[in-house]
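> Please find the sequence and the predicted model below.
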Amino acid sequence: MHHSDFVHLHTHTEYSLLDGANQIDDLVDLAQKYKMPAMAITDHGNMFGAVEFYQKALKGGIKPIIGCEVYVAPASRLDKNANGIKNASYHLILLAADAAGYKNLLKLITSAHLEGFYYRPRIDKEILAQHCKGLIGLSSCLKGEVPYKINKGDMEGAKKALSEYIDILGKENFYLEIMDNRLEEQYRANKELISLSKEFGIPLVATNEEQRE
């Protein structure tokens, strides 16, 4: 059977609290309808739907990719003194490439809830570096550190953040994420992300996620 050339790598379900409304049964049905060979689950800050998604995707003939849109503290996950919720974390997509990656993702999410919780469950780059094996990273939405700093006019900060993620995950395991959501900020970020892709030799991925605070 001919498969679609597109696979969703940034997908929220009903388990993405206050953010997603997609039910897993419907997602699997749509993936089948559009002949997608695989699909990722990347709920915000949790993996509550991972087992259900895995089982139903396999039953539907779809390869399940287990991931999470994690919250990353600007400094240490142990620092609870950020000025309000908007400054408490950046977003980052992490996908498990293998069993080791899945186990490391579980460790990161557990630590985010038990150690880093401040408004939201947060990791930091220190603990990401300790549990990075088997993980693939995407730069995420406009709340991702790289696109966020681009829109703040801080290109040096965006390049620094990109370099740090490359150092942690490896150049072959990090992708810059572009979207077409008709937001001016996104188009501005896309332009610079494409330039950074060429400058750093990092590939692009196209995703589609609705934008919410």
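Structure's in. What do you need?
> G20: how many residues sit nearby?
Counted with other C-beta atoms under 10 Å, the neighbours of G20 add up to 22. Just so you know, the C-beta spots here come from the backbone N, C-alpha and C atoms, and that holds for glycine as well.
> try K171
Look at K171: counted by other C-beta under 10 Å, it has 12 neighbours.
> So K80 sits against R120, correct?
No: assessed by C-beta atoms under 8 Å, K80 is found out of contact with R120, at 11.7 Å.
> Can you point out the helix or strand that includes the residue nearest to N87 when sequence neighbours are not counted?
Of all residues not flanking N87 in the chain, P74 sits nearest, at 7.0 Å (C-beta to C-beta, 6 or more residues apart in numbering). Using DSSP states H and E, P74 is not contained in any helix or strand.
> if we can go back for a sec, quick one, which of K80 and R120 is more surrounded?
Neighbour comparison, K80 and R120: the larger count goes to R120, with 18 against 13 (by other C-beta under 10 Å).
> Could you list every helix and strand that the strand or helix carrying L196 packs against?
Using DSSP H and E, L196 sits within helix 184-200. When contacts are defined as 3 or more C-beta pairs under 8 Å, 6 or more residues apart in numbering; DSSP states H and E, helix 184-200 packs onto helix 145-151, helix 155-169, strand 174-179, strand 204-207.
> Which pLDDT does the model give the nearest residue to Y175 once chain neighbours are set aside?
Closest residue in space to Y175, ignoring its immediate chain neighbours: V205 at 4.6 Å, by C-beta to C-beta, 6+ apart. Here the pLDDT value assigned to V205 is 97.
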